[in-house]
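> Here is a sequence together with a model predicted from it:
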Amino acid sequence: MLNLLLSRLATAIPSIVGVVVVTFMLTRLLPGDPAAYFAGLAASPQAIAEIRAKLGLDKSLPEQFVGYIGDLLHGNLGNSLSTGQPVVVEIATRLPASAELTLFALIVAVAIAIPLGVLAAVKQGTWIDHTCRIVTTAGVSLPVFFTGLLFAYVFYYLLQWAPAPTGRLDVFLSPPTHITGFYLIDSALTGNLETLWGALRQLALPAISMAIFSLAPLARMTRGSMLAVLGSDFIRTARASGLSPRTVIFTYAFRNAVLPVITTLGMVFSFLLGANVLVETVFAWPGIGLYAVNALITSDYAPVQGFVLTMAILYVALNLTIDFVYGLVDPRVRLDS
Amino acid sequence: MSTVPALAVEDLSVEFRTRSGIVKVLEHVGFSVDKGETVALVGESGSGKSVTAFAVMGILDAAGKVTSGRAMFGGADLLALGERDLAEQRGRELSMIFQNPRTALNPIRRVGLQIADVLVRHGGATRNDAPQAAIEMLKKVRIPDPERRAEAYPFELSGGMCQRIMIAIALACRPALLIADEPTTGLDVTTQAVIMDLIGELAGEAGMATIFITHDLALAAEYCDRIVVMHAGHIVEAAPGRDLFTHPRHPYSAKLLAATPGETVSLENMASIPGGLPDLRRSDLPACRYSDRCERRLGQCAQPLPQRTVGERRVVACWNPL
Ligand SMILES: Nc1ncnc2c1ncn2[C@@H]1O[C@H](COP(=O)(O)OP(=O)(O)O)[C@@H](O)[C@H]1O
Ligand code: SF4
Ligand SMILES: [Mg+2]
């Protein structure tokens, strides 16, 4: 198992290196001159040149690249031009916001999709199966940003059920004491129910927009995988042995059927990492996605690079976790390696 | 000689709903097995042997439906029992082992646990005692190093070992009836003999009734007291093994026998019988489903088949038997 993870980690190293190179190149090739941007509209050519020299942008690309790698190895992602803060610090403070949103969406999606898929397979052809089909079809045909905008329009603007889509917490509430950085967890831990409720209300619309989209592939895969497993020989053996329906469905069928669902979960999760950028923009959610979008608009290289690199690392970590969980469930993977 | 049979199947008919319509897979199937007796159910592939077993066990696919018949077992009709009552009996009173032992076991559950599950389900052991009881079962089916093997997963074991595990699962609760559906198909010849001997021995010890499903007439003759021959969902002949072997009465049995070279040589392929099984989806199926392939057909063969008793414990469903 450990060998398996180490070998997966080794194969991930080239992709990380690739990401480092590509982000470096991309941000240098994107249109826009940050020196001119920060010098202001009325700046003289000398002033722009000075700023360029200060930023190290007057050096040749290879020189800049070597400097960039050296900084990376020291855990330095540079400073944001707009705020002057170190990018590492800014990303670290904003990451919990994105993580809370994504994980909450994913948990909601899993909590609905898996029971729905299992029921649809066990009661094939009944109303629950049809519900499952409708949900999965609707889910894939609604892009996340569209659902997000629609929700904000309907539930905030028209119905006024939801709070304004302006971040993690109403301005009149103060954030909970920082423990994990997840507002729901921190406010629950400190017993701050008002903040917990406020945070939940803010989280609901963006999280549900993301959850609806993730629901579809998860429910579809759960249903299909359950159906395939329920038709397999060893389920017939289990039934022929008189095992109770509960044992047959959960202990025997579901544990086998969950394997491809774990893989799908990984895919959905990495997709959600990307979808964050759109959802955070729609709901003014102060996560790393919104941070990257703002930085991109102002040609602020360092945060964009930091964002892409963070995503790449999250992606690798995610896939390692998926491999690990898969290995826990399936001895064939665990013992073969 | 009038013992109560362990299992008596009467007039069993099964239909399957398929895309191309209703298929009458079994029609008026009847046979019985006495306590301690081993009966072979033989017929070429697709003749309905597995469906017969699944119907008796109550584990037909959702598309399959029993349209008539009874399966008397221990004083009750298995076909009339509710799923809950039937599940109580399965694995405890009547058990089944399958072809393809590798896929018949849960691939991600330790084999010892799979045996334990059945024991716990039927009160053969508590959760705490079950692992030890499972190891005892492994010893009984002569698996070397049972303590270690109990911790193995099916993919770590050979096909023969997996079939022993299946046997251990099936016999864990000492059932009165065992149905073995082609238990040795796909195993090499040496393992085949070992598995057959093991089943025979354990069944003998327990005085169990056994239905041995096979397409191998030679194997059936070697291990079974009686042979029931099936063709396209009909039972065409039932006879003591030796009698059937020396003097088959149904034209199909005779052809089967001719396609089986010797008692000890097994022949997988029985396609040397002219023609194939009739298409069961046909609406104009003849009364005798063998008539299209039969060389002894008479005019009256179009009438509903007779059940002719020809000697002790011998029945043949044919208008013009040999
Ligand atoms: N689930 C099913 N749906 C439709 N037809 C089936 C199904 N299962 C079995 N059959 C049909 O029943 C017939 C007998 O099958 P089976 O009992 O498996 O044969 P055997 O075990 O003798 O080889 C075959 O013609 C097969 O096509
Ligand atoms: S009933 Fe007639 S057609 Fe059928 S097997 Fe006997 S002789 Fe042949
Ligand atoms: Mg079969």
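Arrived safely, thanks for sending. Residues are numbered from 1 along each chain as shown, chains lettered A, B, ... in the order given. Ligands and ions are numbered 1, 2, ... in the order given.
> low-scoring pLDDT stretches of the stretch 201-337 of chain A, where are they?
Residues of the stretch 201-337 of chain A meeting the criterion pLDDT under 70: A:336-337.
> try 80
Across the stretch 201-337 of chain A, the ranges flagged by pLDDT under 80 are A:299, A:301, A:334-337.
> so where do the helices sit in it?
Listed in chain order, the helices of the stretch 201-337 of chain A (DSSP state H, counting those that start in this stretch) span A:233-240, A:245-246, A:255-282, A:288-297, A:301-329, A:331-336.
> most packed of these?
For the helices of the stretch 201-337 of chain A, average neighbour numbers computed from mean count of other Cβ atoms under 10 Å in any protein chain shown are highest in helix A:233-240, which has a mean of 23. No exception for glycine: its C-beta is placed from N, CA and C like everyone else's.
> Show residues contacting that one.
Counting by Cβ atoms under 8 Å, 6 or more residues apart in numbering or on different chains, the neighbours of helix A:233-240 from elsewhere in the structure are A:229, A:247-248, A:252-253, B:57, B:59, B:87, B:90-91, B:95-96, B:98, B:100, B:103-107, B:117, B:166, B:169.
> That one vs helix A:255-282, what angle?
For helix A:233-240 and helix A:255-282, the angle between their directions (axes from the mean of the first three to the mean of the last three Cα atoms, to 10 degrees) works out to 120 degrees.
> so does helix A:233-240 get close to ligand 1?
No - judged by Cβ under 6 Å from any ligand atom, helix A:233-240 and ligand 1 are separated, with a smallest distance of 11.4 Å.
> if we can go back for a sec, which stretch among the helices of the stretch 201-337 of chain A comes nearest A:Glu63?
helix A:301-329 (15.3 Å; Cβ to Cβ).
> from the chain's centre, how far out does the closest one sit?
Remark: helix A:301-329 is offset 10 Å from the chain centroid, using Cα atoms, centre = their mean, to the nearest Å.
> by contact count, what packs against it?
Of the remaining helices and strands, those touching helix A:301-329 by 3 or more Cβ pairs under 8 Å, 6 or more residues apart in numbering or on different chains; DSSP states H and E are helix A:2-29, helix A:87-122, helix A:255-282, helix A:288-297, helix A:331-336.
> Check which helices and strands the fourth one sits against.
Read that as helix A:288-297. Under the contact criterion of 3+ Cβ pairs under 8 Å, 6+ apart, helix A:288-297 touches helix A:87-122, helix A:255-282, helix A:301-329.
> how about the ones you listed in CSV, adding distance to A:Arg236?
What follows is these, written out as CSV (distance: least, Cβ to Cβ, whole Å):
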stretch, distance to A:Arg236
helix A:87-122, 15
helix A:255-282, 13
helix A:301-329, 22
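> What residues does chain B have near chain A?
B:57, B:59, B:61-62, B:87-92, B:95-96, B:98, B:100, B:103-109, B:117-118, B:121-122, B:153, B:155-156, B:166, B:169-170 (Cβ under 8 Å from any Cβ of the partner chain).
> Would you check which of these are in contact with ligand 1?
The overlap between those and the neighbourhood of ligand 1 (criterion: Cβ under 6 Å from any ligand atom) consists of B:Asp61.
> Taking the residues of chain B next to chain A, please make a PyMOL selection of just the buried ones.
In PyMOL, a selection of the buried entries from the residues of chain B next to chain A looks like this (16 or more other Cβ atoms under 10 Å in any protein chain shown):
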select buried, chain B and resi 57+59+87+88+89+90+91+92+95+96+98+100+103+104+105+106+107+108+109+117+118+121+122+153+166+169+170
